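> Provide a 3D model corresponding to the input given below.
(chains A, B, C and D)
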There are 2 protein chains.
Amino acid sequence: MQPNSYKSQAADRLDATFAALADPTRRALLARLASGEASVTELAAPFAMSQAAISKHLKVLERAGLVSRGRDAQRRPRRVEAKPLDEATEWIESYRRSLERSFMRLDALLDDLQTPKKRRPTKR
Amino acid sequence: MQPNSYKSQAADRLDATFAALADPTRRALLARLASGEASVTELAAPFAMSQAAISKHLKVLERAGLVSRGRDAQRRPRRVEAKPLDEATEWIESYRRSLERSFMRLDALLDDLQTPKKRRPTKR
DNA sequence: GGTGTATACAACCAATAGGTTATGCAACCG
DNA sequence: CGGTTGCATAACCTATTGGTTGTATACACC
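From the prediction side, this is the model:
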């Protein structure tokens, strides 16, 4: 098991968010919703798959908190929610920052030893 | 190689990148690699799963282009690659921008309709 | 009240993901 | 040379995903 035997809920949300974004149909749904809320049938129209399939994709997006469900008569118009993106972006950005830092360390190291001799890190 | 018979490779790469990021073990591997290259056994050590499982996760990360494989004697040290992140970040950012734009349109609309005494909240 | 429309949901299916153990193989060590 | 280490891969299992079709429910419109 990982250091902790239970997963943090932040990790769960990240899982759900990234997983939701990992499908081109779902990204297309989000893109469509970015220009305004839309009913399920409207959302399904451009795709060569059943309404049921689109409903499933929408459920994935909802579970990730990326879209929410409204109601208007028998329609359940979806609209976009932005918050989960923050966490995802934040993860990527902080990852990038740590890459940045280790490049800086590497830079300094190469600067320090003018002769790049192969070091032998003993296994731990 | 028929130009019209396959999905955009950008979409494929996005799929692979987001899917790779959607697993906490893989995010942890990346985080570890951010502080410098590491062998498979080093990478596997903190986890309560087999080396084979870690190798599989690493393969996913490689397929997404997020890590690459070096060689040093019988070791195959992995190091991080940053490029695929650009595309992912770019997708999110451009999505965010289009949310922003449609919010502005909504704002303008509400303004036009003279919503009584409502001051524009300028979200985000 | 009957009909059409919007959506959800269940049952089903094939493919993929994520894990396991076992095995193979190359490179190093003594 | 033989043993050990580092890693990949195969075979296998189960759960999840992404799709299908076929109802069921809820509302709207005469």
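
> all contacts plus neighbour counts: C-alpha atoms, from now on.
Noted.

> Tell me which helix or strand the residue nearest the centre of chain A sits in.
A centroid search over chain A (Cα atoms, centre = their mean) returns A:Phe18, at 2.8 Å, as the residue closest to the centre. Counting by DSSP states H and E, the element that carries A:Phe18 is helix A:9-21.

> tally of neighbours for A:Ala16?
23 (other Cα atoms under 10 Å in any protein chain shown).

> quick one: contacts for the nearest residue to it once chain neighbours are set aside?
Leaving out its chain neighbours, the residue that sits closest to A:Ala16 by Cα to Cα, 6 or more residues apart in numbering or on different chains is A:Ala64, at 5.0 Å. By Cα atoms under 8 Å, 6 or more residues apart in numbering or on different chains, the residues touching A:Ala64 are A:13, A:16-17, A:20, A:84.

> Pull up the per-residue confidence for A:Ala64.
For A:Ala64, the pLDDT comes out at 97.

> So it versus DNA strand C, what's the distance?
Relative to DNA strand C, A:Ala64 is positioned 15 Å away (Cα to the nearest atom of the strand, to the nearest Å).

> Write out the residues of chain A neighbouring chain B.
By Cα under 8 Å from any Cα of the partner chain, the residues of chain A that approach chain B are A:1-3, A:11, A:14-19, A:21-24, A:31, A:34-36, A:82, A:85, A:89, A:92, A:95-96, A:98-99, A:102, A:124.

> Report the separation between the residue nearest to A:Ala16 and DNA strand D.
11 Å.

> Please point out which parts of stretch A:20-30 sit buried.
A:20-23, A:26-27, A:29-30 (16 or more other Cα atoms under 10 Å in any protein chain shown).
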